[in-house]
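Engineer: Fold the following and give me the result.
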Amino acid sequence: MCFVVPLRLSLLAAEEPVSPGAGPCLPDAVWRADALACADGAVRSSGHAALDAALPGGGWPVGALVELLQTQPGQGEWRLLAPALAATTGALVLVAPPHAPFVPALAAQGLAPARLLRVGGAGGPDAEPGAGRGTAALDPAARVWAAEQALRCAGVAAVLAWLPQVRPEQLRRLQLAAQRHGTLLFVMRPARARHESSPAVLRLLVDEATAAVPDTASATDPDALVLHLLKRRGPPLEQPLRLAARPPRLTALLQASRGAAGRRRQAAARTPLPAGPGLPVAPGAGTTPARSTPPRPRTAATPHALDRPRQRVAA
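Structural biologist: Numbering: from 1, shown residues only. All right, here's what the predicted structure looks like:
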């Protein structure tokens with residue numbers, strides 16, 4: 001006995017493909033590989049419009065593991081994360097940073113020094129020589145343990161962990177802890193880890209503008225950050241993202257300041273300097289050089305009394 005089961009074509013198959021980042025969000029259980037997926041939970045804006053447009057949900061995922069791969073330890077993570085961290089309330093736990101945070105610069109970006117809690121410090125092979133004085137270097141297992149305990153603490157808004165040596169099962173534990181407690185989690189790893197498996201929902205390679213991106217902004221903004229999206233729920237990103245090193249308003253102010261300084265230099269070059277005592281007269285200044293006084297004639301010097309010949313006195 002055989003049964004004939006009628007087949008119905010899905011309505012989704014008849015629809016036209018959706019371009020990346022366009023169209024309404026599909027149900028949570030449905031995701032098209034050629035479309036940017038919706039976030040599973042809450043997201044927080046990164047503070048960079050170009051980056052938000054390339055991230056699922058339009059920002060950093062809250063309660064999920066985000067990996068930032070770096071060619072050098074301590075390269076660009078604060079410039080990338082500071083806008084989002086400044087918009088949060090609560091403590092920011094730094095687990096074994098390779099360099100001591102420069103508190104004045106972070107305070108200028110809206111990160112109060114009282115919010116920064118540093119656990120461990122430099123001293124490992126990826127650390128800067130002389131950095132982390134007064135703090136103990138943590139071994140790889142202790143770093144993971146400290147990050148996991150920080151994720152469980154109430155009042156912690158985000159955890160930033162520098163883990164140059166970590167196993168996939170340890171990253172899975174951190175992912176579950178962040179998901180359970182709804183905390184932002186950023187893990188910094190070396191660029192060589194890009195070929196290793198990871199449970200992170202988002203992986204980015206952070207590089208400086210020296211890794212040239214073929215556009216006109218390379219010459220005007222050499223300090224820009226170049227981001228390669230290695231993993232996301234969406235189609236591959238063909239071209240890396242370039243984030244300006246400074247906010248647009250600050251960039252405009254600096255350009256205006258440089259232009260004003262250039263105009264002042266040009267005006268100073270055209271204006272002659274007045275001649276003063278002990279100063280040489282500027283050529284072409286239009287001033288009459290001082291007339292030199294002729295030397296006074298030399299007169300015979302009066303002989304000194306001691307130079308006169310002695311006279312003998314008669315006895």
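Engineer: Is Gly63 in contact with Gln175, as I believe?
Structural biologist: No: between Gly63 and Gln175 there is no contact, the gap being 9.2 Å when judged by Cβ atoms under 8 Å. C-beta coordinates here come from the backbone N, C-alpha and C atoms, glycine included.
Engineer: so what sits against both of these two?
Structural biologist: The overlap between the contact sets of Gly63 and Gln175 (Cβ atoms under 8 Å, 6 or more residues apart in numbering) consists of Leu185.
Engineer: low-confidence ranges in the stretch 101-250 of the chain?
Structural biologist: Low-confidence segments of the stretch 101-250 of the chain, defined by pLDDT under 70: 122-137, 209-222, 246-250.
Engineer: Quick one: residues contacting Thr89.
Structural biologist: With contact set as Cβ under 8 Å, 6+ apart, Thr89 has these partners: Ala157.
Engineer: Touching stretch 49-60 from outside, list them.
Structural biologist: With contacts defined as Cβ under 8 Å, 6+ apart, stretch 49-60 is touched by 21, 36-39, 43-46, 66, 84, 184, 202, 227, 229, 232-234, 237, 241-243.
Engineer: switch to 6 Å and redo it
Structural biologist: The contact list for stretch 49-60 (Cβ atoms under 6 Å, 6 or more residues apart in numbering) reads Leu36, Ala37, Cys38, Ala39, Val43, Arg44, Ser45, Ser46, Ala84, Arg233, Leu241.
Engineer: how about the closest residue to the first one other than its chain neighbours, phi and psi?
Structural biologist: So the one you mean is Leu36. With Cβ to Cβ, 6 or more residues apart in numbering as the criterion, Leu36 has its nearest non-adjacent residue at 3.9 Å, and that residue is Gly234. Main-chain dihedrals, Gly234, degrees, to the nearest 10: phi 170, psi 180.
Engineer: Same check on the one 5 residues further on?
Structural biologist: The phi/psi pair for Gln239 (degrees, to the nearest 10) reads phi -110, psi 140.
Engineer: That'll do, ta.
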